[in-house]
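1. the amino acid sequence is not available; the structure is as follows:
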């Protein structure tokens, strides 16, 4: 089993502040996905990165895949209350399975 | 179009009873996954169906767990003789094709199972 560790486990910030969530592994992944999950709902895909060193921007969210494809980060600029949720990273290998991290619970206070 | 639906949304049962959880994937999606999500933990892979191929059952935690997918569409996850440690949210996901490592999975809202 390929393990993905996410940090921090919990993050509480004020609206307008920036935050970064990390996803690390000792294993190499072919792809890395980030999902956001809100209470009572299933995870929703935010982004997929497949190339080492790749950086993708989605409005105020910036995703980076490490050069060695073992780690990733999610940076949110000027967080809003709507960014509150559980952020999950998931690593894909050369098959159909995804290995999920335990998640980071982000709370953005108004 | 309709997303992935799951039923029931909540299930409370007594220890030792059997339960059935249902998943309706997005129409046309050939791949279907079941996961278990416990508090404070990530998603634990349970089983994977792809078209008419034999399912990958490698994630099922014990022989009390089984799943089937009828007609390549609806899937049922059955837990026999439930135990308190089975309490969790059970999530179903479908994908247009499970054959690529970067395939997007579309999740249902989950079934919250509580075993008393």
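-> Right, received. Where do you want to start? As the structure is a computational prediction, the values presented were derived from the model and not from experiment. Residues are numbered from 1 along each chain as shown, chains lettered A, B, ... in the order given.
2. from what I see, residue B:96 and residue B:30 are in contact.
-> Yes - under the criterion of CB atoms under 8 Å, residue B:96 makes contact with residue B:30 at 7.0 Å. For the C-beta atoms, the positions are set from N, CA and C on the backbone; glycine is no exception.
3. whatever residue of chain B ends up closest to chain A bridge partners, please.
-> Per CB to the nearest CB, residue B:107 is where chain B lies closest to chain A, at 2.8 Å. For residue B:107, the beta-bridge assignment (DSSP bridges) gives partners residue B:93.
4. what bridges to the residue positioned nearest the centre of chain B?
-> Geometric centre of chain B, nearest residue: residue B:34, 2.9 Å, by CA atoms, centre = their mean. Taking DSSP bridges as the rule, residue B:34 bridges to residue B:47, residue B:92.
5. contacts only, for it.
-> Residue B:34 is in contact with B:23, B:46-48, B:67, B:75, B:77, B:90-92, counting by CB atoms under 8 Å, 6 or more residues apart in numbering or on different chains.
6. what's the most distant pair in these?
-> Using CB to CB, the contacts of residue B:34 span at most 14.4 Å, a distance reached by B:48 and B:90.
7. looking at the contacts of residue B:34, spot the one nearest residue A:55.
-> Residue A:55 has its nearest neighbour among those in residue B:91, at 29.3 Å by CB to CB.
8. how close does that closest one sit to residue A:84?
-> Noted for residue B:91: a distance of 20 Å to residue A:84, by CB to CB, to the nearest Å.
9. who's more crowded, those two?
-> The neighbour comparison of residue B:91 against residue A:84 (other CB atoms under 10 Å in any protein chain shown) goes to residue B:91, with 27 against 19.
10. stretch B:61-68 vs chain A: in contact?
-> No - between stretch B:61-68 and chain A, judged by CB under 8 Å from any CB of the partner chain, nothing touches; the nearest distance is 13.2 Å.
11. endpoints of that stretch, how far apart?
-> Length of stretch B:61-68, first residue to last, CA to CA, to the nearest Å: 16 Å.
12. now what about that stretch, what contacts it?
-> With contacts defined as CB under 8 Å, 6+ apart, stretch B:61-68 is touched by B:34, B:36, B:46-47, B:49, B:55, B:57, B:60, B:75-83.
13. alright, calling it a day.
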